[in-house]
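*Asks:* Here you go, sequence then predicted model.
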Amino acid sequence: MHLRTSVTALATAASLLAFAATATAAGEPLSQPRIAARFSLAASQQPENITVDRTGSAYLTFSFARQIVRVAPGGRAHVLASLPAPAKASTPNLGKAFVGGIARADDGTLYVTYATGTADLTGVWALRPGGRPHRIAALPADGLPNGLALDQHTQRLYVTDSVHGVIYRLPTRGGKVTVWARGEALEPSTFAGANGLKLHNGAVWATNLDKGTVLRIPVTARGTAGRIQVHAGGMPSIDDFAFTDRGDTLLAARDDNQVDLVRPDGTHTAVLTAADGLQTPTSVAVHGHTVYVPSAAYLTNKDPDLLVAHLDR
């Protein structure tokens, strides 16, 4: 018994040393991962995207439940709104209605993407505090609007289309939608192309799920798209991501039950895995020292949840 205890202690120490070495190499280690909220797969409570307010409350889209949800810091979820169901959904690649990206304005307005395969509902929707969701812009019904990012300064929204492989831009007040960026790097190769989306450091950043890449597109002085640059690769099934507020370092969710730390030079390291509770993670948010990772369980078909971890700066 004493020998077994000693061996166990040595193995534990070795594991801790290995973790410390990995964390040091990563430069932005995550610690104390835990499940902050659990959701019902039977009720289609599968979180696709996330944004966080100043209080640490998380706002999620439940993709197939067609819901916008607020999760308080204590883990309690409250449905803010449900988007209208199509008469018959024919969403490309999915076959059913899909609520994708979410962004939050300073006044509390929430914007989401919605895909149904029908011209009357597919597009960008807005939900003002105390109001009802309404569509502010139509998008092609044969596409799959997915990632969403808000430029508070210019009051414009950017949207990825995972089927058409483009990035759209439109005013937050609604109206004319333009194709802001297109190119082979954004296009799908088998299933879905341009996916996650963020604005950061004078550029629009996107992922390509099929190609496993992180892309950087500079915004020119005229507001147009510059040349698409491949910032990082080799990350199969990459979904959405968030920056850590240390330069261009970011955390990317991968559908293969992994979250990668991607450094400014494009190298990347796994910092969360299925062992931490990931169930097809779909997106990431960073608020102060807290990292939020929703898991939609699309591929595991069990236990969708919201994981939080501490970001050691």
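*Replies:* Perfect, thanks for sending it. Being a predicted model, the structure only gives us computed values, none of them experimental. Residues are numbered from 1 along each chain as shown.

*Asks:* What residues does Ala87 make contact with?
*Replies:* Thr118 (C-beta atoms under 8 Å, 6 or more residues apart in numbering). Every C-beta, even on glycine, is put in place using the N, C-alpha and C of the backbone.

*Asks:* What distance do you get for it to Leu121?
*Replies:* From Ala87 across to Leu121, the span is 9 Å (C-beta to C-beta, to the nearest Å).

*Asks:* Kindly report the same for Val99.
*Replies:* 11 Å.

*Asks:* joint contacts of these two?
*Replies:* With C-beta under 8 Å, 6+ apart, Val99 and Leu121 have common neighbours Leu83, Tyr114.

*Asks:* neighbours around the nearest residue to Leu278 once chain neighbours are set aside, how many?
*Replies:* Residue nearest to Leu278 in three dimensions, not counting chain neighbours: Asn257, with 4.6 Å by C-beta to C-beta, 6 or more residues apart in numbering. The tally of other residues near Asn257 (other C-beta atoms under 10 Å) stands at 21.

*Asks:* measure Asn257 to Thr282 for me?
*Replies:* Going from Asn257 to Thr282 by C-beta to C-beta gives 11 Å.

*Asks:* Excluding chain neighbours, what is closest to Tyr298?
*Replies:* Thr280 (4.5 Å).

*Asks:* low-scoring stretches of the stretch 1-150 of the chain, by residue?
*Replies:* 1-28 (pLDDT under 70).

*Asks:* all strands for it, in order.
*Replies:* With strands called from DSSP state E, counting those that start in this stretch, the stretch 1-150 of the chain shows them at 30-38, 47-52, 58-62, 67-71, 77-82, 98-104, 110-115, 123-127, 134-138, 145-151.

*Asks:* Asp271: neighbouring residues, count only.
*Replies:* Rather than Asp, residue 271 is Val. 23.

*Asks:* re the thing from before, just to check, the residue nearest to Tyr298 is in contact with Asp303?
*Replies:* No. Thr280 lies out of contact with Asp303 (C-beta atoms under 8 Å); the separation is 10.1 Å.

*Asks:* In the sheet, which residues pair with Gly123? Tell me.
*Replies:* Counting by DSSP bridges, Gly123 is bridged to Tyr114, Ala138.

*Asks:* What count of nearby residues applies to it?
*Replies:* If we define neighbours as other C-beta under 10 Å, then Gly123 has 24 of them.

*Asks:* and what of Val308?
*Replies:* Neighbour count of Val308, defined by other C-beta under 10 Å: 21.

*Asks:* so what's it up against?
*Replies:* Pro33, Arg34, Ala36, Thr290, Val291, Tyr292, Val293.

*Asks:* Name the member of those residues with the most neighbours.
*Replies:* Neighbour max across the contacts of Val308 (other C-beta under 10 Å) = Val293, 27 neighbours.

*Asks:* Leu150 is in contact with Ile102, isn't it?
*Replies:* No. Counting by C-beta under 8 Å, Leu150 stays clear of Ile102, with 9.7 Å between them.

*Asks:* Between the two, which contacts overlap?
*Replies:* Tyr111.

*Asks:* These two: which is more packed in?
*Replies:* For Leu150 versus Ile102, neighbours defined as other C-beta under 10 Å are more numerous around Ile102 (26 against 22).

*Asks:* so what's the more buried one bridging to?
*Replies:* Val112.

*Asks:* my read: it touches Pro47, true?
*Replies:* No. At 9.9 Å, Ile102 does not count as touching Pro47 under the criterion of C-beta under 8 Å.

*Asks:* Fine, thanks again, bye for now.
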